[in-house]
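Novice: Predicted model follows, preceded by the sequence.
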Amino acid sequence: MSGSTMVRRVLGEKGPPVSPVMLDAVPRPIYDLSTIDLHRTVVALEEIQKIIPQRHEMEQLQGIVHIDNEADVIIGRREVRPTEFWVRSQPPESAAMPPTLLLECAAQLSAYWGMVRQPEMGFVGFARCDELEVHGHVTAPSVVYMVAKVLSIKPRRLVAQCQAICAGRVVFGVKVTGMSV
């Protein structure tokens, strides 16, 4: 018996299985996406690639759609396609993007913002994650908007609160720390 079926039975509900994580309260977005044009690209992939070295399967950003300097927030776009390498290794009816890739997306977006804001940091590498929460699944095809809000930035360290939003819903959250390497 799957865990989701067990959750339904414990709750005495009928219907299709749901993931236990779906039963948790979903947090409010840290930035209101309805206030911006999500179809406008303010930083193209080519510009991101000048700063972030990851390519091929590990390239987790396709563009930046919004930068709010006053709020210290940056929002990136990740298009999830049915041809992703992880789709073919999962059951077709329930192939979900691994949360580790959402973490990588959060780390890349945060690193990009840190290196643009403080070029003297040099390359910012992933150092730590805290408060990681998965609130839903990302399936292909879809678009994920990764929001990063800088909590602190120092000469060698950056901390950002990040959320992945898919179909208008927060599906993932994490606090990432990046270090100058």
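Specialist: Received it, and whenever you're ready, just let me know what you need. Numbering: from 1, shown residues only.
Novice: helix or strand right after the helix or strand bottoming out on mean pLDDT in the chain?
Specialist: The helix or strand of the chain with the poorest confidence is helix 3-11; it has a mean of 36 (mean pLDDT, DSSP states H and E). Per DSSP states H and E, the first helix or strand lying C-terminal to helix 3-11 is strand 43-44.
Novice: Show me the longest helix that occurs in this structure.
Specialist: The longest helix of the chain (DSSP state H) is helix 99-117.
Novice: Buried residues of that one, list them for me.
Specialist: Using 16 or more other C-beta atoms under 10 Å as the test for burial, helix 99-117 gives 99, 101-116. In short, each C-beta sits where N, CA and C put it, glycine included.
Novice: Please, which helix or strand holds Ile52?
Specialist: Assigned by DSSP H and E, Ile52 falls within no helix or strand.
Novice: Run a quick check on it versus Gln108, I expect a contact.
Specialist: Yes. The pair Ile52 / Gln108 is scored as a contact, 5.3 Å apart, by C-beta atoms under 8 Å.
Novice: Residues that sit against both of those two, list them.
Specialist: Leu61 (C-beta atoms under 8 Å, 6 or more residues apart in numbering).
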